[in-house]
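>>> coordinates only, no sequence provided:
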């Protein structure tokens, strides 16, 4: 095909959708609608007379033709981007400032940042663990990660849903051994309970389990990361975000005595304008969403 006739817009949309295996995430990275991504991909398939994606109920996968084209396009776009950076004098590592809820930063993000550094060694991350909502003034932060139990919008900023939160009970194996049989949720009241900010969350969990006994005792921590550390030390039973506990549950450092979980809001990405973010921030958001999506 002659260079003058190359469908560059459609090729870009296909490359992002193929790399992320998602039309939705591609739309977010390109700051266009999912319908636009789908239309451009279909136009490219019509032009090539080859199906590039297998479309499933809630996901997509690449066909052999799609895999072949993606390998070429990703390499080509990376080389173009690298050449442009060199011409602009951007060979030094770029820096992004990520403002994060302290519990998300300490209990999850710190554990996984090494994966991002391996993927993008050219991007330095400054992680600011701060519960306050930043105003994005004077380069205060590039993007922010915030938790809310009910809010979905904030004034003067844009936001994107990141991940829902569900809370589960966890305790260290040594405490479980000391406790003996835990046959029903009410048995947890025999053990020290660890609380985040207040005792309301445990009260909600017990109410969902059918236990109406009041929760009046137990250490209260200001941060979920502190609850996690206390639970790992065997100090008591903590109510933790599944996201925070998943690694320690897999390795056996924590146990989940009962399967009951309760919803507790969601984490959100916040920025002044997503369409104006630097490439490093866009790459970080893409990595973060993909990492959470493949848990």
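All right, it came through fine. The shown structure was predicted, so the numbers you read here are calculated from the model rather than taken from an experiment.

>>> and residue 2, how many neighbours?
Residue 2 is flanked by 5 other residues according to other CB atoms under 10 Å. Bear in mind the C-beta positions are built from the backbone N, C-alpha and C, glycine included.

>>> ramachandran angles for the nearest residue to residue 202 once chain neighbours are set aside?
In space, and not counting its chain neighbours, residue 202 is closest to residue 215: 4.6 Å by CB to CB, 6 or more residues apart in numbering. Dihedral pair for residue 215: phi -100, psi 110, per degrees, to the nearest 10.

>>> my read: residue 215 touches residue 201, true?
No - the criterion here is CB atoms under 8 Å, and residue 215 misses it with residue 201 at 9.1 Å.

>>> now do the helix or strand bottoming out on mean pLDDT in the chain: distance to the chain's middle.
Across the helices and strands of the chain, mean pLDDT, DSSP states H and E gives its lowest value to helix 64-88, namely a mean of 82. When distances are taken as CA atoms, centre = their mean, to the nearest Å, helix 64-88 is centred 26 Å away from the chain's centroid.

>>> do stretch 10-19 as well
In terms of CA atoms, centre = their mean, the centre of stretch 10-19 is set 22 Å apart from its chain centre.

>>> average pLDDT across that stretch?
What stretch 10-19 shows for mean pLDDT is 92.

>>> dig out what residue 97 forms beta bridges with.
Beta bridges link residue 97 to residue 126, judged by DSSP bridges.

>>> after the strand ranked longest in the chain, next one along is what?
Longest strand in the chain, counting residues (DSSP state E): strand 158-170. Sequence order places helix 173-179 as the next helix or strand after strand 158-170, per DSSP states H and E.

>>> state the next helix or strand along the chain beyond that next one.
Moving toward the C-terminus from helix 173-179, the next helix or strand (DSSP H and E) is strand 193-196.

>>> can you list the strands that that next one pairs with?
Partners of strand 193-196 in the sheet, by DSSP bridges, are strand 220-221 (parallel), strand 237-241 (parallel).

>>> now the weakest link among those, please, by mean pLDDT.
Among these, strand 220-221 carries the lowest mean pLDDT, a mean of 90.
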